[in-house]
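A.B. asks: Build the 3D model from these lines:
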Amino acid sequence: SQGVYCSNAQLQQLIPGFRVEAVDTTAAGDTFNGALLAAELAGADFHAAVRFAHGAAALSVTQLGAQSSIPSKQTVDAFLLAQGR
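C.D. replies: Here you go, the predicted structure:
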């Protein structure tokens, strides 16, 4: 609920997440990690990749189940655009 504390050679900071109405947190961590890696592999800088991962994890907890709760890239992109930050 507080976000993710990130620390590497260039960055030491807390990157806040998104507040959503959680239904099932089963796949939140796996979704976050997969989205973080996918964003980094797609060329996103670290901060943008964490933001994308936060969005994916936030969306995943609003649905029941594990695999069925993992959002598509398009869904995450739309969510992040709606968040405006």
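
A.B. asks: what sits against Gln2?
C.D. replies: The contact partners of Gln2, taken as Cβ atoms under 8 Å, 6 or more residues apart in numbering, are 14, 16-17. (Each C-beta comes from the backbone N, C-alpha and C, glycine too.)

A.B. asks: Spit out the contact partners of Arg19.
C.D. replies: By Cβ under 8 Å, 6+ apart, the neighbours of Arg19 are 1, 58.

A.B. asks: give me phi/psi at it?
C.D. replies: Phi and psi for Arg19, reported as degrees, to the nearest 10, are phi -90, psi 120.

A.B. asks: what does the one 10 residues further on give?
C.D. replies: Taking degrees, to the nearest 10, you get phi -70, psi -50 for the backbone angles of Gly29.

A.B. asks: Near it, how many other residues are there?
C.D. replies: With neighbours defined by other Cβ atoms under 10 Å, the count for Gly29 comes to 11.

A.B. asks: Now the nearest residue to it once chain neighbours are set aside: which helix or strand?
C.D. replies: In space, and not counting its chain neighbours, Gly29 is closest to Ala57: 7.5 Å by Cβ to Cβ, 6 or more residues apart in numbering. Using DSSP states H and E, Ala57 falls within helix 46-60.

A.B. asks: cool, Gln13 as well?
C.D. replies: Per DSSP H and E: Gln13 is located in strand 12-15.

A.B. asks: Just checking the distance from that strand to the centre of its chain.
C.D. replies: Mean C-alpha position of strand 12-15 versus that of the full chain (Cα atoms, centre = their mean, to the nearest Å) differs by 15 Å.
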